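*Asks:* Sequence and computational prediction follow.
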Amino acid sequence: MTLVELLVGTVLGLAVLAALTSAVAVAGRMLVAAGTRAEGEDTAQLAMEALRFDVRRAGWDPAAAGHAALVDARADGLALAADLDGDGGVATDSEESVAWRCATASRRLSRIVGLQSLPLADHVIGCVFRYLDHDGAAVAAPVAAGDLTRVRAVELSLLLLPPGISHPASRSLIAALRVTP
Amino acid sequence: MRRRRRRGGALVAALATLAFSAALGAALADLARTELRLGAERRMTARLLGALDACVADVTGALPAGWDFAALLAGADGTLGSADDGMLAAPADCTAVARAAPGGPVPDRIVIRAEARIGGARRHLDALVRRAPEPGAGGLLWLSAPPEAGAFAGTATIDGGDPDAPLASLAAPADPDALDAWIAGEGTHLDVSPGTLAPVTGPVPPLDDLRTRVLAAPHAGSEALVASGAPAAVVAYVAGDLDVADARAGAGLLFVDGRLDVGGTLEFHGVIVATGGIRVASGAGLTLDGELWLGVGGSALTVEGALVLRRAPGAVAAADALLPLPRRAVVAGARDVG
């Protein structure tokens, strides 16, 4: 083997190795991005499902004590009540009293039960609650205390942008409140 | 003889690349498999929740109209503490059992535990069911059976429009599509005002129980329909058919235990009940601000003259204050049990 052959072979080998390394790196980045994307989508979806369950049971009042389903309604959060154990009261330190908060500073959506704040989603770049009346018209937020009974449905629009992905995970949910007639 | 040296550099690189690619592919496949599984779980949860909601709506809609739920809690044998207590008829792939709600007895209410099954999955929901705040079945005209085509040879106006709480034109134990078709089939003889809700499927009006309550309460007779002056709101009971041949007016609750035949004019504020149906003769007129409940359907509804039926919550409430009227069952809340 001549020196020229050796050099040509080495260059070709390095080129192939660089291409392979690059391909593996790209594939690795794609895998990480796909995982991040999937995790973001799952997180957003789980938040929606959690809200749906909270809204569905809000106003549960088997003892007919007159509890309101929606206690507080703002653009960045809401508070729901339900007498889950049927004792006629709504305990503020249990699942009977649940609040949701969008914290723009920390870019976090949290579900608050009593004094416990449970982060549901981080890297939140958009989080808005809207409120709809019987006809589907928007009720301005924050909803005045006297207008809370007008609210028949809650809408949450959520945008998550975890690091490493370019397009945010987006979810929107409209959940109907069961209002005692 | 020279021996050729073996070289495996390319092979090693190829194998390493293959191993990397296989690992990446496996990771991607695992990710996809996880997402697919999560998606399937979510679809199943959504289907089960939908099935539960539909189950509770069907079961509640089929509950008889009435005043309380005592008979329902006692079951078919009418005895509390027996095996059939609270058992409710439910659609396929769903079961529903009622029990008394916790707390005081007023307002009367029950908790229905529904179970939906799809494939091998099942889910439970508690629904709080109570009587509707307004009497009746949600329709200005409440029939015991579907009406027959050609009931209106004259003109009928049904106005259930109300910006706050509109009423349906008709409630009857029939498919809403059939009721829609009946209204459409009456053509220009039947004018349903804008704002009136579409017909709804409703339970049979409990007229036997209502008769018992009317007879047990202080009540007047047909003299409650006055020829002049403002009528007092009373409970009136007429045994057998009632012919109104001249101009009359009344208010409150009029229970005709037979057929109401209007040959003159009748203006009424409140609720008219006619177990044997109603006929408005040609040239005659019935104007009712309130609701009309008929114990029979089919051809028992005959309007050859003019019928005007208007939503009047105040008049119905006044009748309800004189004698509590039956109400349909409605869902007042729900709690996913899991």
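*Replies:* In hand now; what should we look at?
*Asks:* for stretch B:226-237, the distance to its chain's centre please.
*Replies:* 32 Å (CA atoms, centre = their mean, to the nearest Å).
*Asks:* and what of stretch B:78-94?
*Replies:* That offset, for stretch B:78-94, works out to 20 Å (CA atoms, centre = their mean).
*Asks:* Next: stretch B:272-289.
*Replies:* With CA atoms, centre = their mean, you get 25 Å for stretch B:272-289.
*Asks:* now do stretch B:24-43
*Replies:* 43 Å.
*Asks:* Would you mind putting the CA coordinates of it into PDB?
*Replies:* Taking Å, rounded to 0.1, in the frame of the first residue of the first chain, the C-alpha atoms of stretch B:24-43 are listed here in PDB:
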ATOM      1  CA  LEU B  24     -32.500   4.600  18.500                       C
ATOM      2  CA  GLY B  25     -35.200   2.800  16.600                       C
ATOM      3  CA  ALA B  26     -36.100   0.700  19.600                       C
ATOM      4  CA  ALA B  27     -36.300   3.900  21.700                       C
ATOM      5  CA  LEU B  28     -38.600   5.500  19.200                       C
ATOM      6  CA  ALA B  29     -40.700   2.500  19.000                       C
ATOM      7  CA  ASP B  30     -41.000   2.300  22.700                       C
ATOM      8  CA  LEU B  31     -42.000   6.000  22.800                       C
ATOM      9  CA  ALA B  32     -44.600   5.400  20.100                       C
ATOM     10  CA  ARG B  33     -45.900   2.400  21.900                       C
ATOM     11  CA  THR B  34     -46.300   4.300  25.200                       C
ATOM     12  CA  GLU B  35     -48.100   7.100  23.500                       C
ATOM     13  CA  LEU B  36     -50.400   4.700  21.700                       C
ATOM     14  CA  ARG B  37     -51.200   3.000  24.900                       C
ATOM     15  CA  LEU B  38     -51.900   6.300  26.600                       C
ATOM     16  CA  GLY B  39     -54.100   7.400  23.700                       C
ATOM     17  CA  ALA B  40     -56.100   4.100  23.900                       C
ATOM     18  CA  GLU B  41     -56.500   4.600  27.700                       C
ATOM     19  CA  ARG B  42     -57.700   8.100  27.100                       C
ATOM     20  CA  ARG B  43     -60.100   7.100  24.400                       C
END
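*Asks:* Check the average confidence over that stretch, would you?
*Replies:* Here stretch B:24-43 scores 88 as its mean pLDDT.
*Asks:* so whichever residue of chain B sits closest to chain A, which of the three states?
*Replies:* Nearest residue of chain B to chain A, counting by CB to the nearest CB: residue B:103, 3.0 Å away. From N, CA and C alone the C-beta is placed, and that goes for glycine too. Secondary structure assignment for residue B:103 (DSSP: H, G, I helix; E, B strand; the rest coil): coil.
*Asks:* okay, now the closest residue in space to it that isn't next to it in sequence: neighbour count?
*Replies:* Once flanking residues are discounted, residue B:103 sits nearest to residue A:63: 3.0 Å by CB to CB, 6 or more residues apart in numbering or on different chains. Residues lying near residue A:63 (other CB atoms under 10 Å in any protein chain shown) number 19.
*Asks:* quick one, helices of chain A?
*Replies:* For chain A, applying DSSP state H gives helices covering A:3-57.
*Asks:* Quick one: neighbours of residue A:136, just the number.
*Replies:* Neighbours of residue A:136 under the rule other CB under 10 Å: 9.
*Asks:* My error: substitute residue A:116 in the last question.
*Replies:* 9.
*Asks:* What separation do you get for it and chain B?
*Replies:* Here residue A:116 is placed at a distance of 21 Å from chain B (CB to the nearest CB, to the nearest Å).
*Asks:* Identify all residues paired with that residue through a beta bridge.
*Replies:* On the basis of DSSP bridges, residue A:116 is bridged to residue A:113.
*Asks:* what angle do whichever helix in chain B runs longest and helix A:3-57 make?
*Replies:* Determined from DSSP H, the single longest helix within chain B is helix B:9-62. Angular relation of helix B:9-62 and helix A:3-57 on a 0 to 180 degree scale: 10 degrees, by axes from the mean of the first three to the mean of the last three CA atoms, to 10 degrees.
*Asks:* re the thing from before, what values do phi and psi take at the residue of chain B closest to chain A?
*Replies:* Dihedral pair for residue B:103: phi 90, psi -170, per degrees, to the nearest 10.
*Asks:* Could I get the contacting residues of it?
*Replies:* The contact partners of residue B:103, by CB atoms under 8 Å, 6 or more residues apart in numbering or on different chains, come to A:62, A:63, A:64, A:65, A:86, A:88.
*Asks:* ok, now residue B:80?
*Replies:* Neighbours of residue B:80 in contact, by CB under 8 Å, 6+ apart: B:73, B:74.
*Asks:* Packing partners of the longest helix of chain B?
*Replies:* Where contact means 3 or more CB pairs under 8 Å, 6 or more residues apart in numbering or on different chains; DSSP states H and E, helix B:9-62 is packed against helix A:3-57, strand B:94-100, strand B:109-118, strand B:121-131, strand B:329-336.
*Asks:* would you turn these into JSON lines with mean neighbour count?
*Replies:* What follows is the helices and strands packed on helix B:9-62, written out as JSON lines (neighbours: other CB atoms under 10 Å in any protein chain shown):
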{"stretch": "helix A:3-57", "mean neighbour count": "15"}
{"stretch": "strand B:94-100", "mean neighbour count": "19"}
{"stretch": "strand B:109-118", "mean neighbour count": "21"}
{"stretch": "strand B:121-131", "mean neighbour count": "20"}
{"stretch": "strand B:329-336", "mean neighbour count": "22"}
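*Asks:* can you put the ones you listed in JSON lines and add distance to residue A:128 and mean pLDDT?
*Replies:* As requested, those are exported to JSON lines (distance: least, CB to CB, whole Å; pLDDT from 0 to 100):
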{"stretch": "helix A:3-57", "distance to residue A:128": "13", "mean pLDDT": "88"}
{"stretch": "strand B:94-100", "distance to residue A:128": "37", "mean pLDDT": "92"}
{"stretch": "strand B:109-118", "distance to residue A:128": "33", "mean pLDDT": "93"}
{"stretch": "strand B:121-131", "distance to residue A:128": "29", "mean pLDDT": "93"}
{"stretch": "strand B:329-336", "distance to residue A:128": "25", "mean pLDDT": "90"}
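*Asks:* mind checking which of those is nearest residue B:146?
*Replies:* strand B:329-336 (20.9 Å; CB to CB).
*Asks:* Tell me which other helices or strands that closest one touches.
*Replies:* helix A:3-57, helix B:9-62, strand B:121-131.
*Asks:* ok, it: who's next to it in the sheet?
*Replies:* strand B:121-131 (antiparallel).
*Asks:* Distance from the strand it pairs with to the middle of the chain?
*Replies:* Relative to the centre of its chain, strand B:121-131 is centred 17 Å away, using CA atoms, centre = their mean.
*Asks:* and residue A:42, what is it in contact with?
*Replies:* By CB under 8 Å, 6+ apart, the contact set of residue A:42 is B:35, B:38.
*Asks:* With the one 4 residues further on instead?
*Replies:* Applying CB under 8 Å, 6+ apart to residue A:46 gives the contacts residue A:120.
*Asks:* What distance do you get for it to residue A:161?
*Replies:* For residue A:46, the distance to residue A:161 equals 17 Å [CB to CB, to the nearest Å].
*Asks:* check contacts around the residue nearest to residue B:103.
*Replies:* Taking CB under 8 Å, 6+ apart as the criterion, residue A:63 is in contact with A:83, A:86, A:87, A:88, B:101, B:102, B:103, B:104.
*Asks:* and what of residue A:175?
*Replies:* A:51, A:52, A:55, A:56, A:153, A:154, A:155, A:156.
*Asks:* for residue B:211, helix, strand, or coil?
*Replies:* Per three-state DSSP, residue B:211 ends up helix.
*Asks:* which one in chain A is furthest away from the centre?
*Replies:* Largest separation from the mean C-alpha position in chain A: residue A:2, at 65.2 Å (CA atoms, centre = their mean).
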